[in-house]
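> Only the shape, not the letters, is given here:
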RNA sequence: UGGGGUAUAGUGUAACGGCAGCACGACUGACUCUGGAUCAGUUAGUCUAGGUUCAAAUCCUAGUACCCCAGCCA
């Protein structure tokens, strides 16, 4: 038995594995697998499973397979297989040559079905779908045996053969395991092993018109691949007795199924069915819409694989079915991006600033550091001239208490440039809106420090109007307004909780010229505005940036507190 | 009136009969050419009721709450 010291900080799966390793089970091998059904794109919940399965294999010097659980041809497509492989790779995992398909086991599975028929453990059932349901009984009442349960082996063999040969219509017959119609576990009440499906499979084509069910496939696939620990989510707990039963009847290598709680995140949904409907009903632009919790959605949004992997490591693995706050994921991203994102200056909502005492038609270049946290990131030149843009939020005509930024008569620093003082405010005569600031600069403060030791309370980011890159910026908010959109009001569609303000497009933003030509999916922190990612999917002529995540905004907090 | 699971600060996760710890969040303060970051600090927890024990989150008993299962989906 294990001692507490050895087990400290291991999750429950690691404890099982280490116990197995100690007792020499499975020849002391660790072999896991990630087994998606190719019927949709991978989401952040799959990332948890991927990190777990590949992570465990790596930690214990084992292997992890990629296996497509493709036993239902009507839902599966090659497009999904391709996206799944791309997403797993992007996350940073490698299945090497171990890319498997349950459909490659169809022949073997068929032989095993024959073996069970011969052993009197399986029979062809002529009951229709609703009849099977009726015979199954309910949660509290036992089921009844099918009238076809006692067919002879020969008749079963003959019928099953003819099922395979396409003699019968979809739904007219099934192959069922003879287990126990009175079992309290409904999965054991003579589960269907094979159904008739005259459908073209994305890989095996029209070779088969009968397809094995999940339960008759998964454990055997694990067994064939000699998986030691078959890790799946909690809803399969009720299937474990069947998983074990098939393997025992067949007398084949027995992997161990272990269940853990799937990931739930606040302000989003995770079920493939719901994500599919968001795509199909046009609530989002596609599976890779930056608001989607899909892996490719997060990628386009500007999440890094490192951040997602780190997130998966932090949330841990347990059997408690809870909900993780999205703030933790955002924290992991900020943590990563803060280290690596280049800082550039950008203005989302421009306010024109004219430096009255700066000569017209002239400009100069100033040195700016690329990342204050990383000296190796170096410096760059930023052009300065008479007409600039600053952020509208950085000026208040009538500043509230504790507001340190620009206001009439006030002096602030333009980052890496000069101290400026606001002398005058120009308003639109019709709307009264502030449209321009007239300022003066102090040439002695070049670079951002005053030789006389004068201090300013705020530092603003800015861009030179004539040099700036015009860009389109997309600001994203949570996809749903509710923390748990699944808990929609009784009978209400979950889409009722979609956030109508989840996407805001700012068409006329100005970014300093150093970003020009930046590669897609590179990221920046626009000083104080958040982290941004160059969008790879842009059809606009301008550069398009997605805001990946905001910085923590202390001013918003101060303001809020003032009101409260 | 069935079966299978799960309960530890707001959230997630440790502690495996011996000081309830960590992270995120929230709140204070320091520092700062980003009101960011960083640093320091504060906050807050064992589902309930009994029992065993010198000692219980942990073992026992009885409850309670929540999740999953009646697809020819996975």
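It's in. It should be emphasised that the depicted structure is a prediction, and the values quoted were computed from it without experimental measurement.

> Test my guess that residue A:81 contacts residue A:38.
Yes. Applying Cβ atoms under 8 Å as the test, residue A:81 and residue A:38 come out as touching, 4.5 Å apart. Backbone N, C-alpha and C define where each C-beta goes, glycine included.

> what do these two both touch?
When contacts are counted by Cβ atoms under 8 Å, 6 or more residues apart in numbering, residue A:81 and residue A:38 have A:68, A:202 as shared neighbours.

> Please say which of the two ends up with more neighbours.
Applying other Cβ atoms under 10 Å to residue A:81 and residue A:38 shows that residue A:38 carries more neighbours, namely 24 against 19.

> Just the element for the closest residue in space to that one that isn't next to it in sequence, please.
Nearest residue to residue A:38 in three dimensions, chain neighbours excluded: residue A:80, at 3.9 Å (Cβ to Cβ, 6 or more residues apart in numbering). Assigned by DSSP states H and E, residue A:80 belongs to helix A:78-91.

> The helix or strand just after that helix near RNA strand B at all?
Later in the chain than helix A:78-91, the nearest helix or strand by DSSP H and E is strand A:99-101. No. Using Cβ under 7 Å from any atom of the strand, we find that strand A:99-101 stays clear of RNA strand B, coming within 11.3 Å at best.

> May I see the buried residues of the helix or strand just after strand A:99-101?
Downstream of strand A:99-101, the first helix or strand assigned by DSSP H and E is helix A:106-118. Across helix A:106-118, burial judged by 16 or more other Cβ atoms under 10 Å covers A:106, A:109-110, A:112-114, A:116-117.

> try stretch A:195-202
Buried, per 16+ other Cβ under 10 Å, within stretch A:195-202: A:195-197, A:199, A:201-202.

> export those residues to TSV and tack on distance to residue A:471?
Output for those, formatted as TSV (distance: Cβ to Cβ, whole Å):
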residue	distance to residue A:471
A:195	54
A:196	56
A:197	51
A:199	48
A:201	46
A:202	41
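
> and which of those residues is nearest to RNA strand B?
Nearest to RNA strand B among the buried residues of stretch A:195-202 is residue A:195, at 3.6 Å by Cβ to the nearest atom of the strand.

> what comes into contact with stretch A:510-523?
A:299-300, A:302, A:304, A:337, A:340-342, A:344-347, A:350, A:380-383, A:389, A:463-465, A:467-471, A:524, A:526, A:531-536, A:538, A:543, A:545, A:548.

> and those, which of them are in strands?
Judged by DSSP state E, these include A:342, A:344, A:346-347, A:350, A:380-383, A:389, A:463-464, A:469-471, A:524, A:526, A:531-534, A:543, A:545, A:548 as members of strands.

> filter the contacts of stretch A:510-523 to the buried ones?
Here, 16+ other Cβ under 10 Å leaves A:299-300, A:302, A:304, A:337, A:341-342, A:344-347, A:350, A:380, A:382-383, A:389, A:463-465, A:467-469, A:471, A:524, A:526, A:531-535, A:543, A:545, A:548 buried among the contacts of stretch A:510-523.

> ok so, going back, would you mind trimming the buried residues of stretch A:195-202 to those in range of RNA strand B?
Okay, of these touching RNA strand B (Cβ under 7 Å from any atom of the strand), that's A:195-197.

> out of those, which are inside strands?
Those of these lying in strands (DSSP E): A:195-196.

> and the residue in chain A that RNA strand B sits nearest to, helix, strand or coil?
Scanning chain A for the residue nearest RNA strand B gives residue A:448, at 1.6 Å (criterion: Cβ to the nearest atom of the strand). Counting by DSSP: H, G, I helix; E, B strand; the rest coil, the backbone at residue A:448 sits in coil.

> how much space between it and residue A:498?
According to Cβ to Cβ, to the nearest Å, residue A:448 stands 45 Å off from residue A:498.

> Same check on residue A:437?
From residue A:437 over to residue A:498 the distance is 39 Å, taken as Cβ to Cβ.

> One more: residue A:38?
Counting by Cβ to Cβ - residue A:38 and residue A:498 are separated by 27 Å.

> what do you get for residue A:293?
13 Å.

> who in the stretch 101-250 of chain A is up against RNA strand B?
A:127-129, A:132-133, A:136, A:138-140, A:170-174, A:184-187, A:191-192, A:195-197, A:211, A:213-215, A:217-218, A:234-239.

> And for the stretch 401-550 of chain A?
A:402-405, A:413, A:415-416, A:447-449, A:458-459, A:461, A:525, A:527-528.

> ok, now which ones touch residue A:137?
Contacts of residue A:137 (Cβ under 8 Å, 6+ apart): A:143-144, A:181, A:186, A:189.

> Let me have those in TSV, adding secondary structure and neighbour count as columns.
What follows is those, written out as TSV (DSSP: H, G, I helix; E, B strand; the rest coil; neighbours: other Cβ atoms under 10 Å):
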residue	secondary structure	neighbour count
A:143	coil	20
A:144	coil	14
A:181	coil	17
A:186	helix	13
A:189	coil	23
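
> Residue A:408 touches residue A:427, doesn't it?
No. Counting by Cβ under 8 Å, residue A:408 sits too far from residue A:427 to count as a contact (11.9 Å).

> Please identify which of the two sits among more neighbours.
residue A:408 (15 against 12).

> and the more buried one, which of the three is it?
What three-state DSSP gives for residue A:408 is coil.

> What is the end-to-end distance of stretch A:399-414?
18 Å (Cα to Cα, to the nearest Å).

> Now do the buried residues in that stretch.
So stretch A:399-414, judged by 16+ other Cβ under 10 Å, has buried residues A:403, A:405-407, A:410-414.

> Now do the SS call for residue A:135.
helix.

> For residue A:354, grab phi and psi.
For residue A:354, the backbone dihedrals (degrees, to the nearest 10) come out as phi -110, psi 120.

> tally of neighbours for it?
Residue A:354, neighbours per other Cβ under 10 Å, totals 18.

> Quick check, it in contact with residue A:435.
No. The criterion here is Cβ under 8 Å, and residue A:354 misses it with residue A:435 at 11.1 Å.

> near RNA strand B, which residues of the stretch 251-400 of chain A show up?
A:261, A:314-325, A:327-328, A:331, A:334-335, A:338, A:343, A:371-373.

> What subset of the residues you listed is buried?
Among these, those buried by neighbour count (16+ other Cβ under 10 Å) are A:261, A:315, A:317, A:324, A:331, A:334, A:343, A:371.

> I figured the fourth one hits residue A:262, correct?
No. No contact is recorded between residue A:324 and residue A:262 when judged using Cβ under 8 Å, the distance being 10.8 Å.

> Which residue comes closest to residue A:435 once chain neighbours are left out?
Residue A:435 sits nearest to residue A:428 (Cβ to Cβ, 6+ apart), 5.1 Å away.

> mind listing the helices in chain A by residue range?
Ranges of helices within chain A are A:4-7, A:12-23, A:44-59, A:78-91, A:106-118, A:129-136, A:153-164, A:218-224, A:240-250, A:272-280, A:295-301, A:305-315, A:326-340, A:554-563, based on DSSP state H.

> With mean pLDDT added, can I get the ones you listed in JSON lines?
Output for the helices of chain A, formatted as JSON lines (pLDDT from 0 to 100):
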{"stretch": "helix A:4-7", "mean pLDDT": "42"}
{"stretch": "helix A:12-23", "mean pLDDT": "96"}
{"stretch": "helix A:44-59", "mean pLDDT": "98"}
{"stretch": "helix A:78-91", "mean pLDDT": "98"}
{"stretch": "helix A:106-118", "mean pLDDT": "98"}
{"stretch": "helix A:129-136", "mean pLDDT": "98"}
{"stretch": "helix A:153-164", "mean pLDDT": "98"}
{"stretch": "helix A:218-224", "mean pLDDT": "98"}
{"stretch": "helix A:240-250", "mean pLDDT": "98"}
{"stretch": "helix A:272-280", "mean pLDDT": "96"}
{"stretch": "helix A:295-301", "mean pLDDT": "97"}
{"stretch": "helix A:305-315", "mean pLDDT": "98"}
{"stretch": "helix A:326-340", "mean pLDDT": "97"}
{"stretch": "helix A:554-563", "mean pLDDT": "80"}
